[in-house]
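# Quick one, structure for this:
(2 chains)
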Number of protein chains: 2
Amino acid sequence: MIGSIAAFFTTLAFVPQAMKVIKTKDTSGISLGMYTMSVIGLLLWAIHGIRINDIALIIANTITFILSATILTCKIKYK
Amino acid sequence: MIGSIAAFFTTLAFVPQAMKVIKTKDTSGISLGMYTMSVIGLLLWAIHGIRINDIALIIANTITFILSATILTCKIKYK
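From the prediction side, this is the model:
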């Protein structure tokens, strides 16, 4: 139970950040390094989930991958 | 193996962001919601790790919790 609640928070935590950068285009304080590493790591987690056939791992990390990739794209676009 | 590499990236991804906010104090683009949710989620992951006696889960999430709490503190301090 605690694991699912933890997953809920850490997966959806990126939603407010994605909404904020899309709305404000203010990415000066955002770290390019963080989101580059996040995107790579989350992609690897999703691949790992596919390899061990863990649907929760696949879904959670695919959602967070998409959100992180959105933030990374905004960071690159708006500098 | 892929899981460990993924954990490396997603755990240490917060290091460049923590360094950037400490150095620049530029937190206007950082989402308060994201880091509040991250801190809660990572704390729950660490507790989950303790309950299932998974040392890797405990270490990775404690590191990321400390980094996220640092970024959250800077966000609250510098607005």
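# Pull out the buried positions in the top helix by length along chain A.
Counting residues, the longest helix found in chain A (DSSP state H) is helix A:55-78. Buried residues in helix A:55-78, counted by 16 or more other C-beta atoms under 10 Å in any protein chain shown: A:57-58, A:60-65, A:67-72, A:74-75. Using the backbone N, CA and C atoms, a C-beta is placed for each residue, glycine as well.
# next one: that helix to chain centre, how far?
With C-alpha atoms, centre = their mean, to the nearest Å as the basis, helix A:55-78 stands 4 Å off its chain's centre.
# who in chain A is up against chain B?
Proximity of chain A to chain B, by C-beta under 8 Å from any C-beta of the partner chain, involves residues A:2-3, A:5-17, A:19-21, A:24, A:26-35, A:37-38, A:40-42, A:44-45, A:47-48, A:51.
# PyMOL command for the buried members of the residues you listed?
Listed next is the PyMOL selection for buried residues among the residues of chain A next to chain B, using 16+ other C-beta under 10 Å:
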select buried, chain A and resi 3+6+7+9+10+11+12+13+14+15+16+17+19+20+21+27+29+30+31+33+34+35+37+38+40+41+42+44+45+47+48
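# So for the helix or strand containing A:Leu43, mean pLDDT?
Secondary structure from DSSP states H and E places A:Leu43 in helix A:32-51. Throughout helix A:32-51, pLDDT has a mean value of 96.
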